[in-house]
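Engineer: My questions are about this predicted structure, shown below with the sequence.
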Amino acid sequence: MDQNALKRQVAQAALAYVEPGSVLGVGTGSTVDLFIEALAASGIKLAGAVSSSERSTKALAAAGIAVLEAGQVESLATYIDGADEIDPRGNMIKGGGAALTREKIVADLAARFVCIADASKCVDVLGAFPLPVEIIPMAAPQLIRRFAALGGQAAVRAGCVTDNGQHILDVRGLKISDPLAMEAEVSQWPGVVTVGIFARHRAKVALIGAPEGVRTLNFD
């Protein structure tokens, strides 16, 4: 079974976590694109959705789903999004699609983060996938030096400007054994908008697509 088929499996399985009549948080990425397709075909009626990117906003609108601004809602029951990596405790690296800041804002509104991913995204320790960090451009040189002091090799992602008009650093060579502590540390560095470690906003549920079927992981 190819990776796209695995993504379709989990996209379909995620429909079980959609509450009819609710406002749903919707993330970004190739697996989420397939989820939006499945949602549109399901006939489930929503009061609306809060989207984490311009890409998902366009897809939701094309599916006839009303898109609300984050500021229009006080809370969400569920946020459904993918991950670039997820560890055994539900901590994630996100931001391969450069939408990490808006993803974290929407995740913060939600009581439950449902992660949808294929089995290749499961790791014992975060860091094999380059860690995305959204930054203010003028801070790039000093942030590259700070990551070097931690053993990481950071580089500005070529040709990438986020929906917020900022740049992305991709940091290679890190072994993130304490995701919550590293998220807290990097988040306070001047010039960092958001770090793509989702530990404070980790998954409550992960739907993992594997050749033998969808595995459901629940995290405390």
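Structural biologist: Nice, thanks for sending it over. Residues are numbered from 1 along each chain as shown.

Engineer: Which stretches in the chain count as strands?
Structural biologist: Secondary structure of the chain by DSSP state E: the strands cover 23-26, 48-51, 67-68, 76-81, 85-86, 92-93, 110-118, 131-135, 153-156, 167-172, 192-195, 197-198, 205-210, 213-218.

Engineer: Compile the ones you listed into JSON lines and extend it with columns for mean pLDDT.
Structural biologist: Conversion of those to JSON lines gives the following (pLDDT from 0 to 100):
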{"stretch": "strand 23-26", "mean pLDDT": "98"}
{"stretch": "strand 48-51", "mean pLDDT": "98"}
{"stretch": "strand 67-68", "mean pLDDT": "98"}
{"stretch": "strand 76-81", "mean pLDDT": "98"}
{"stretch": "strand 85-86", "mean pLDDT": "98"}
{"stretch": "strand 92-93", "mean pLDDT": "98"}
{"stretch": "strand 110-118", "mean pLDDT": "97"}
{"stretch": "strand 131-135", "mean pLDDT": "98"}
{"stretch": "strand 153-156", "mean pLDDT": "98"}
{"stretch": "strand 167-172", "mean pLDDT": "98"}
{"stretch": "strand 192-195", "mean pLDDT": "98"}
{"stretch": "strand 197-198", "mean pLDDT": "98"}
{"stretch": "strand 205-210", "mean pLDDT": "96"}
{"stretch": "strand 213-218", "mean pLDDT": "96"}
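
Engineer: Would you reformat those as JSON lines and include mean neighbour count?
Structural biologist: To be clear about C-beta, it is placed using only N, CA and C from the backbone, and glycine gets the same treatment. Supplementary listing: those in JSON lines, determined by neighbours: other Cβ atoms under 10 Å:
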{"stretch": "strand 23-26", "mean neighbour count": "25"}
{"stretch": "strand 48-51", "mean neighbour count": "24"}
{"stretch": "strand 67-68", "mean neighbour count": "16"}
{"stretch": "strand 76-81", "mean neighbour count": "24"}
{"stretch": "strand 85-86", "mean neighbour count": "24"}
{"stretch": "strand 92-93", "mean neighbour count": "30"}
{"stretch": "strand 110-118", "mean neighbour count": "23"}
{"stretch": "strand 131-135", "mean neighbour count": "26"}
{"stretch": "strand 153-156", "mean neighbour count": "16"}
{"stretch": "strand 167-172", "mean neighbour count": "22"}
{"stretch": "strand 192-195", "mean neighbour count": "22"}
{"stretch": "strand 197-198", "mean neighbour count": "30"}
{"stretch": "strand 205-210", "mean neighbour count": "22"}
{"stretch": "strand 213-218", "mean neighbour count": "14"}
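
Engineer: Tabulate those strands (JSON lines), appending distance to residue 2.
Structural biologist: Below are the strands of the chain laid out as JSON lines (distance: least, Cβ to Cβ, whole Å):
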{"stretch": "strand 23-26", "distance to residue 2": "24"}
{"stretch": "strand 48-51", "distance to residue 2": "27"}
{"stretch": "strand 67-68", "distance to residue 2": "31"}
{"stretch": "strand 76-81", "distance to residue 2": "22"}
{"stretch": "strand 85-86", "distance to residue 2": "20"}
{"stretch": "strand 92-93", "distance to residue 2": "23"}
{"stretch": "strand 110-118", "distance to residue 2": "10"}
{"stretch": "strand 131-135", "distance to residue 2": "25"}
{"stretch": "strand 153-156", "distance to residue 2": "30"}
{"stretch": "strand 167-172", "distance to residue 2": "26"}
{"stretch": "strand 192-195", "distance to residue 2": "32"}
{"stretch": "strand 197-198", "distance to residue 2": "27"}
{"stretch": "strand 205-210", "distance to residue 2": "11"}
{"stretch": "strand 213-218", "distance to residue 2": "15"}
